[in-house]
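Colleague: A predicted structure for the sequence below; I have some questions about it.
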Amino acid sequence: SLPPGPSGWPLIGNVLDMPAVAEWLTFAEWGAKWGAMCSVTLLGQPIVILNSASAMEDMDTKGAVVSTRPRLPMAGELLGYVQTLVLMPYGSRFRIFRKHFAKLLGTPGAVRPYIPLVEAETHRFLRRLLSKPDATLVSAHLRKLTGAIILRITYGIEVQEEEDPFITIIEKANDNFNAATAPGAFLVDVFPAMMYIPEFLAPFKRTGRRWAVGTKAMVEAPYLFTQRQMSAGIAPGSFVSSLLDHEEKLTQEEMDDIKHTAASLYGGGADTTAASLYAFFLAMVLAPDVQHAAQAEIDSVIGGGRLPVYADREQLPYVSAVVTELFRWHSVAPLGVPHAALEDTVVNGYFLPKGTLIIANLWNILNDPATYPAPAAFDPSRYLSASPQRDPRTLCFGFGRRVCPGRELAEMSLFTCVATTLAVFDIAAGEGPVPVHENTQGTISHPKPFDCVVRPRSERAVALISGEA
Ligand code: HEM
């Protein structure tokens with residue numbers, strides 16, 4: 001049978017038990033009651049929830065069998081996201097996309113060429129933060145930073161200081177994606193047969209068609225820009241330009257794969273990394289002792305004469321532990337991205353029929369007090385004692401064949417931003433009540449907005465930021 005879980009009603013199953021918000025908290029309660037691998041059924045659709053690291057590892061052993069994605073007609077088919085990696089079903093095209101990703105970002109060696117680019121974009125971020133340190137703009141500055149890094153790696157596009165047209169197009173599409181995948185937002189995801197309803201009777205189809213224009217613009221506009229730059233002989237090196245270098249030898253299908261792999265990079269990488277970095281600012285407000293300890297390490301190892309760089313990582317173990325703790329403390333994807341069983345399978349003695357949805361409750365796994373005592377505390381020293389706690393990187397990126405392919409770039413972006421920001425800025429609480437760490441709803445979850453005060457640490461820091469030192 002399926003793993004145990006709350007008993008439901010005939011036909012509708014557990015529909016009435018499903019929480020409307022913060023699903024990860026209710027799922028955690030079910031885990032405590034029914035076991036780390038528990039299940040519910042929604043209108044006949046079985047859903048297995050993984051509430052512990054070992055349950056996720058057991059699932060991991062099934063490899064490809066548990067590595068397809070559920071069918072989501074709204075975001076996948078109507079908006080067109082099934083063409084991008086995150087919603088693509090397991091199969092040969094999926095493997096081509098993953099190969100592109102592996103070559104581009106799969107190892108520390110593969111991402112090494114991007115170090116100067118990540119550092120340069122991070123310096124631009126520091127300058128924006130210096131000129132507009134308002135708490136309400138921190139999140140926007142971070143989105144611009146992570147978007148700029150991905151656009152340069154993928155297309156060789158350098159973003160404009162004011163409103164950048166590509167970022168505007170892509171963020172609009174990503175907002176549509178988030179709205180389309182919000183739990184319970186579109187009934188057609190529960191009843192795919194609704195796809196047969198003619199459009200004049202189905203408002204969701206009209207919404208889908210409108211939003212699909214945004215997806216198309218996101219996929220086409222930056223790609224066309226790079227193609228034009230290549231024709232003019234002025235395209236800088238990038239993922240797209242290197243693969244299109246011998247365009248005449250590529251089939252239409254291969255070019256289409258390159259175009260959609262490129263689009264998958266922004267969707268997977270920009271908002272996730274920005275969410276993690278926004279959590280860093282919150283953590284510094286809530287844990288001033290951690291901030292002071294990290295700054296003391298930077299001051300003693302680097303001194304005030306330059307900004308830290310990625311190559312300093314080994315010499316900055318405490319700052320590195322801040323990054324490690326960031327991966328744990330704020331769940332960027334509290335419920336990961338749902339997997340689905342490709343065929344009938346048995347895991348831990350439980351039967352999962354083909355099509356079963358598999359959800360890893362990453363929030364709960366990363367807040368498990370047995371692995372991480374006092375999990376709500378932001379405490380980098382967890383990883384620095386003689387018996388360090390488990391590296392959250394083995395958990396926060398999901399599992400199996402769908403494990404996040406952007407891990408190395410995430411690491412580099414986070415370290416560079418955290419180390420340089422701490423070197424030159426103090427981040428303190430604002431005047432209002434002490435902020436609380438809470439996740440926003442959505443597949444990609446940010447900390448809820450909070451007040452803070454960001455100030456340069458000294459005149460010397462100002463000179464470093466503005467490049468005059
Ligand atoms: C803090 C940073 C990040 C976190 C916590 C994170 C986390 C995740 C998680 C949990 C998944 C779902 C894995 C699963 O299905 O089991 C995922 C998938 C994915 N991530 Fe990341 N990610 C981050 C950064 C990035 C970056 C920088 C990129 C690319 C540049 C990226 C690209 C992707 C893509 C394309 C997928 C879909 C993979 C697939 O479906 O096969 N991510 N990520």
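Modeller: Thanks, I have the structure now. Remember, it's a predicted structure, so these values are computed and weren't measured experimentally.
Colleague: residues contacting the residue nearest to Phe397 when sequence neighbours are not counted?
Modeller: Nearest non-adjacent residue to Phe397, counting by C-beta to C-beta, 6 or more residues apart in numbering: Cys404, 3.8 Å away. Every C-beta, even on glycine, is put in place using the N, C-alpha and C of the backbone. Contacts here follow C-beta atoms under 8 Å, 6 or more residues apart in numbering; on that basis Cys404 touches 268, 397-398, 410.
Colleague: how long is stretch 386-397 end to end?
Modeller: End-to-end span of stretch 386-397 (C-alpha to C-alpha, to the nearest Å): 25 Å.
Colleague: same question for that stretch, mean pLDDT?
Modeller: Throughout stretch 386-397, pLDDT has a mean value of 97.
Colleague: which regions of the protein lie under the pLDDT threshold?
Modeller: Across the chain, the ranges flagged by pLDDT under 70 are 469.
Colleague: how about the residues of it that lie near the ligand?
Modeller: Within the chain, the residues that sit near the ligand (C-beta under 6 Å from any ligand atom) are 85-86, 150, 264-265, 268-269, 272-273, 276, 332-333, 336-337, 339, 396-399, 402-406, 409-410.
Colleague: what's in contact with stretch 296-306?
Modeller: By C-beta under 8 Å, 6+ apart, stretch 296-306 touches 308, 312, 315-319, 419, 422-423, 458, 460-461, 464, 469.
Colleague: buried subset of those residues?
Modeller: The neighbour-count criterion (16 or more other C-beta atoms under 10 Å) marks 308, 312, 316, 318-319, 419, 422-423, 461, 464 among the contacts of stretch 296-306 as buried.
Colleague: Write the ChimeraX selection for whichever of the residues of the chain next to the ligand are buried.
Modeller: Selection of the buried residues among the residues of the chain next to the ligand in ChimeraX, burial being defined by 16+ other C-beta under 10 Å:
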select :85,86,150,264,265,268,269,272,273,276,332,333,336,337,339,396,397,398,399,402,404,405,406,409,410
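Colleague: Narrow the residues of the chain next to the ligand to those in strands?
Modeller: His339 (DSSP state E).
Colleague: and which of the contacts of stretch 296-306 is nearest Tyr81?
Modeller: Using C-beta to C-beta, Ala419 is the member of the contacts of stretch 296-306 that sits closest to Tyr81, with 34.3 Å.
Colleague: so what's the closest one up against?
Modeller: Shown in contact with Ala419 (C-beta under 8 Å, 6+ apart): 298, 308, 312, 316, 319.
Colleague: Please tell me how far it sits from Pro192.
Modeller: Distance, Ala419 to Pro192, by C-beta to C-beta, to the nearest Å: 47 Å.
Colleague: now do Pro89
Modeller: Distance, Pro89 to Pro192, using C-beta to C-beta: 14 Å.
Colleague: Which neighbours do the two have in common?
Modeller: Counting by C-beta under 8 Å, 6+ apart, the residues touching both Pro89 and Pro192 are Arg71.
Colleague: I would like the residues contacting stretch 135-143, please.
Modeller: Stretch 135-143 has contacts (C-beta under 8 Å, 6+ apart) with 125, 128-129, 132, 167, 171, 270-271, 274, 277-278, 281, 417, 430, 446, 449-454.
Colleague: Go through the contacts of Ala419 and name the one nearest the ligand.
Modeller: Distance to the ligand across the contacts of Ala419 (C-beta to the nearest ligand atom) is lowest for Val319, with 16.4 Å.
Colleague: What are the contacting residues of the helix or strand harbouring the closest one?
Modeller: Using DSSP states H and E, Val319 maps to helix 317-329. By C-beta under 8 Å, 6+ apart, the residues outside helix 317-329 that reach it are 276, 279-280, 283, 290, 293-294, 297-298, 308, 313, 366, 372, 375, 378-384, 391-393, 395-396, 411, 414-415, 418-419, 422, 437.
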